[in-house]
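A.B. asks: Any chance you could fold what I've pasted below:
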Amino acid sequence: MRSPRGVLGSLALLLALPIAVLTQVLFGGGSAVAIHVALAAGCGLVSFSAFDFGTPRWLAWIGCVSAGAFAAIFLLQAASTLIGNESFSYFANEVLGFWPEKILLSLITFWLVGILLTASRGKTRILGFAAMAVVVSVEAYVYFGLLLLGTNPFLETSVVKLPYLLPFVWLLFEGGKRRPRTGP
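C.D. replies: Model (predicted):
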């Protein structure tokens, strides 16, 4: 397998919402903590997988640092829910959850496009192009809304967030491929 950590991280990210719903149904609460812990675990594993794909080191570092920072933000958001301090909650969710999350998401998108262009081959590359075309379009829409219209479509609707899961479906397949041969 090319990247077991990438596969596990992608699975954790894709299953975060079902885990949160299941937590809410089974325990009657705790879905906010569950989703943030699942997202933190997924981002942490994806961060550790950044060097598995054979991209240039500078690009792998962008993926590693941005996904790792995202994991830290998600852990802080889970902790803020558990602690219940209003100031800490504001900092974790409103301050870190706005521009830092948006910039980190853009950097992760950049890293994923880099994997697509430098390391992906075969049928998974076609899936990658489809997934990344959707995400890059959403990125353009969000920045257009933020910079030109003065609104933030990313915060106004959760539908805008759903396409960001598509690259992790692709990364699941990309990470599950055999390692490429390096020599005769």
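
A.B. asks: Please count neighbours and contacts with C-alpha atoms only from this point.
C.D. replies: OK.

A.B. asks: Report the secondary structure element holding the spatially most central residue of the chain.
C.D. replies: Taking C-alpha atoms, centre = their mean, the centroid of the chain lies closest to Cys43, which sits 6.1 Å from it. Per DSSP states H and E, Cys43 falls inside helix 31-48.

A.B. asks: so how far is that helix off the chain centroid?
C.D. replies: In terms of C-alpha atoms, centre = their mean, to the nearest Å, the centre of helix 31-48 is found 9 Å from the chain centre.

A.B. asks: contacting residues around that helix?
C.D. replies: For helix 31-48, contacts defined as C-alpha atoms under 8 Å, 6 or more residues apart in numbering pick out 5-6, 8-13, 15-17, 19-21, 23-24, 63-68, 70-75, 77-79, 81-82.

A.B. asks: Just the buried ones among the residues you listed, please.
C.D. replies: Buried by 16 or more other C-alpha atoms under 10 Å: 5-6, 8-13, 16-17, 19-21, 23, 63-68, 70-75, 77-79, 81, out of the contacts of helix 31-48.

A.B. asks: In helices only, show me those residues.
C.D. replies: With DSSP state H as the criterion, helices contain 5-6, 8-13, 16-17, 19-21, 23, 63-68, 70-75, 77-79, 81 from among these.

A.B. asks: how about low-confidence regions in this protein?
C.D. replies: Applying pLDDT under 70 to the chain flags the ranges 145-147, 150-159, 180-184.

A.B. asks: Please repeat the previous calculation with a cut-off of 80.
C.D. replies: 98, 141-161, 179-184 (pLDDT under 80).

A.B. asks: got a list of what Val113 touches?
C.D. replies: Val113 touches Met132, counting by C-alpha under 8 Å, 6+ apart.

A.B. asks: Can you tell me the SS state at it?
C.D. replies: Here Val113 is helix, with the state taken from DSSP: H, G, I helix; E, B strand; the rest coil.

A.B. asks: check contacts around Pro56.
C.D. replies: By C-alpha under 8 Å, 6+ apart, Pro56 lies in contact with nothing.

A.B. asks: What does it show for phi and psi?
C.D. replies: phi -60, psi 150 (degrees, to the nearest 10).

A.B. asks: ditto for Ser49
C.D. replies: phi -90, psi 0.

A.B. asks: What distance do you get for it to Leu166?
C.D. replies: Look at Ser49 and Leu166: by C-alpha to C-alpha, to the nearest Å, they are 18 Å apart.
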